[in-house]
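J.: need a 3D model of the following:
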Amino acid sequence: MQPQSFDTYAQSYDDHFTNSLIGKAQRFQVYQKLLNQVSFLWKSVLEINCGTGEDALWLKKNGATVLATDISQGMIDVAKNKSSNSAIEFKQMPTQDISSLVPNTYDIIFSNFGGLNCLNNEELQKFKKGCEQVQKSSDQLAFVIMGTKCKWEQLYFSFNKDKAKATRRQNITGVDTLINDNHFKTYYYSPDDMKQLFIENYNCTSVKPIGLFVPPSYLEPYVVKRKVMFAFLKLLDKLFGNFSFLSNYADHYLIVFEKK
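T.: Residues are numbered from 1 along each chain as shown. Predicted coordinates:
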């Protein structure tokens with residue numbers, strides 16, 4: 001993926017996702033589950049794919065020292081402007097190049113909302129090795145990943161008779177993605193894929209669904225007109241959001257690892 005894929009999207013990203021009903025609902029789920037699994041107080045956090053800095057601000061408020069990185073300078077510029085009064089360090093950097101950072105520095109490595117889905121298998125392997133190098137011993141990884149069997153996506157596109165999109169998350173060669181006239185590929189990974197990738201040096205301690213009933217963000221126009229129904233979907237996510245076996249059927253899932 002090239003930086004320009006998101007540079008031109010940076011100014012509209014918060015309107016499109018961060019401040020949307022679906023974006024707020026899914027981010028709330030991430031935060032609630034994170035706080036049950038990870039303590040950020042006095043921890044050094046490396047954030048991957050920080051986007052416009054929304055999560056970096058939250059991490060800082062929860063007591064972390066934060067280095068937030070993104071491949072897109074446009075995203076970094078928006079994040080810096082948003083967090084100008086916070087002591088957050090930002091760095092423009094491709095995800096798979098984290099091994100260039102100072103070794104044995106970070107307690108927690110965090111990536112939200114499918115940032116790692118922009119990496120193919122080879123790039124993900126390089127990223128994994130970088131995690132092992134820059135992270136301290138016995139600490140944590142926390143990633144929010146787009147899985148391979150999202151039921152909302154299967155049902156929505158099947159209803160619209162678009163079989164290719166209904167099954168696109170199972171395409172192991174990646175899916176062509178278009179944002180503001182920029183093309184790149186998105187790769188989908190199941191919880192088992194991620195566990196297998198990190199099995200040598202990390203134990204998986206938790207997997208939870210994010211957006212099992214709250215739908216993917218492209219359905220925002222639909223839920224805006226049906227706020228009572230949307231409130232019910234959020235309630236269902238609250239009731240079923242701790243069932244790990246449902247994780248790969250959600251829009252995203254949160255997976256947490258601890259270094260051996």
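
J.: so how far is stretch 69-87 from its chain's centroid?
T.: 17 Å (C-alpha atoms, centre = their mean, to the nearest Å).

J.: buried residues, it. List them.
T.: By neighbour count with 16 or more other C-beta atoms under 10 Å, stretch 69-87 contains the buried residues 69-72, 74-80, 82-83. Yep, even glycine has a C-beta here, placed from its N, CA and C like the rest.

J.: one more: stretch 96-115?
T.: 96, 98, 101, 106-115.

J.: residues making contact with stretch 94-102?
T.: Applying C-beta atoms under 8 Å, 6 or more residues apart in numbering, the external contacts of stretch 94-102 come out as 46, 48-49, 67, 69, 71, 93, 109, 111, 115-116, 118-119, 123-124, 126-127, 129-131, 133-134.

J.: which of those are buried?
T.: Going by neighbour count (16+ other C-beta under 10 Å), the contacts of stretch 94-102 have 46, 48-49, 67, 69, 71, 93, 109, 111, 115-116, 118-119, 123-124, 126-127, 130-131, 134 buried.

J.: looking at those residues, which are in strands?
T.: When DSSP state E is applied, those are split such that 46, 48, 67, 69, 109, 111 fall in strands.

J.: okay, now the unreliable bits of this structure?
T.: For the chain, applying pLDDT under 70 flags the ranges 1-5.

J.: in it, which spans are helices?
T.: Assigned by DSSP state H, the chain shows helices spanning 4-7, 10-13, 21-37, 54-61, 73-82, 121-134, 151-159, 163-166, 191-198, 220-224, 227-240.

J.: redo the ones in strands among the buried ones among the contacts of stretch 94-102 as a markdown table? Include distance to L59.
T.: Formatted as a markdown table, these follow (distance: C-beta to C-beta, whole Å):
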| residue | distance to L59 |
| --- | --- |
| L46 | 10 |
| I48 | 12 |
| L67 | 10 |
| T69 | 13 |
| I109 | 12 |
| S111 | 12 |
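
J.: need the max-distance pair from those.
T.: Within those, L67 and S111 form the most distant pair, 12.8 Å apart (C-beta to C-beta).

J.: need the overlap of contacts for the two.
T.: Joint contacts of L67 and S111 (C-beta under 8 Å, 6+ apart) are E47.

J.: quick one: M93 from I109, how far?
T.: Distance, M93 to I109, using C-beta to C-beta, to the nearest Å: 13 Å.

J.: kindly report the same for M75.
T.: Relative to I109, and taking C-beta to C-beta, M75 is found at 18 Å.

J.: and what of F232?
T.: Between F232 and I109 the distance is 35 Å, computed by C-beta to C-beta.

J.: now do S100
T.: 14 Å.

J.: before we move on, what about P216?
T.: As judged by C-beta to C-beta, P216 and I109 stand 25 Å apart.

J.: neighbours around the nearest residue to P216 once chain neighbours are set aside, how many?
T.: Among residues not flanking P216 along the chain, D251 sits closest, at 4.8 Å (C-beta to C-beta, 6 or more residues apart in numbering). By the measure other C-beta atoms under 10 Å, the count of residues near D251 is 25.

J.: got the phi and psi for D251?
T.: Dihedral angles of D251 (phi, psi; degrees, to the nearest 10) stand at phi -60, psi -40.

J.: got a list of what it touches?
T.: 26, 146, 150, 152-153, 210-212, 214-216.

J.: distance to H16 added to those residues, as TSV?
T.: Putting the contacts of D251 into TSV (distance: C-beta to C-beta, whole Å) gives the following:
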residue	distance to H16
Q26	13
M146	16
C150	19
W152	18
E153	18
I210	18
G211	16
L212	22
V214	16
P215	15
P216	13
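
J.: closest to L197 among the residues you listed?
T.: Using C-beta to C-beta, M146 comes nearest to L197 of the contacts of D251, at 15.1 Å.

J.: ok, the residue nearest to the closest one when sequence neighbours are not counted - contacts?
T.: Using C-beta to C-beta, 6+ apart and skipping residues adjacent in sequence, the residue nearest M146 is G114, 4.4 Å away. Residues counted as contacts of G114 (C-beta under 8 Å, 6+ apart) are 144-146, 186, 252.
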